[in-house]
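Participant: Okay, predicted coordinates and the sequence, questions at the end:
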Amino acid sequence: MLVEEGIKQAKRMQLPIIIISYKASRGVYARAGFVEAGHITEDDTPFGGQGNYTWHFMVYDTQENN
């Protein structure tokens, strides 16, 4: 519901939406009509992390999705 309300407000203001998503929420945004514009994968093991993680850059064009 929060994503839907954000889309509604962006359409009202005629603004595109650009978000950074992680793997867990990527599907939520894709189902709402966002398109992945690119991604970056980093290895965080040198900093004590557990391996690779990815940032997904996603766009919702309010002009195309009316």
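Facilitator: Yep, it's here. Numbering: from 1, shown residues only.
Participant: use CA for all of it now, contacts and neighbours both
Facilitator: Noted.
Participant: residue ranges for the strands of the protein, please.
Facilitator: Remark: strands assigned in the chain by DSSP state E are 17-21, 35-43, 52-60.
Participant: most packed of these?
Facilitator: Among these, strand 52-60 has the highest mean neighbour count (mean count of other Cα atoms under 10 Å), at a mean of 17.
Participant: Now residue 44. Nearest residue, chain neighbours left out?
Facilitator: residue 51 (5.4 Å; Cα to Cα, 6 or more residues apart in numbering).
Participant: Any idea how many residues pack against residue 12?
Facilitator: Residues lying near residue 12 (other Cα atoms under 10 Å) number 10.
Participant: quick one: the residue lying closest to residue 21 once chain neighbours are set aside from residue 42, how far?
Facilitator: Computed as Cα to Cα, 6+ apart, the closest residue to residue 21 that is not its neighbour in sequence is residue 56, at 5.0 Å. Between residue 56 and residue 42 the computed distance is 12 Å (Cα to Cα, to the nearest Å).
Participant: do residue 29 as well
Facilitator: According to Cα to Cα, residue 29 and residue 42 sit 21 Å apart.
Participant: With residue 1 instead?
Facilitator: Applying Cα to Cα to residue 1 and residue 42 gives a distance of 31 Å.
Participant: Also residue 30?
Facilitator: According to Cα to Cα, residue 30 and residue 42 sit 22 Å apart.
Participant: in stretch 5-14, what counts as buried?
Facilitator: 7, 10, 11 (16 or more other Cα atoms under 10 Å).
Participant: ok, those vs residue 19, which is closest?
Facilitator: residue 7 (11.8 Å; Cα to Cα).
Participant: which ones are touching that closest one?
Facilitator: Residue 7 makes contacts with 17, 62, as judged by Cα atoms under 8 Å, 6 or more residues apart in numbering.
Participant: Distance check, it against residue 40.
Facilitator: Residue 7 sits 25 Å away from residue 40, going by Cα to Cα.
Participant: do the same with residue 33
Facilitator: Counting by Cα to Cα, the gap from residue 33 to residue 40 is 21 Å.
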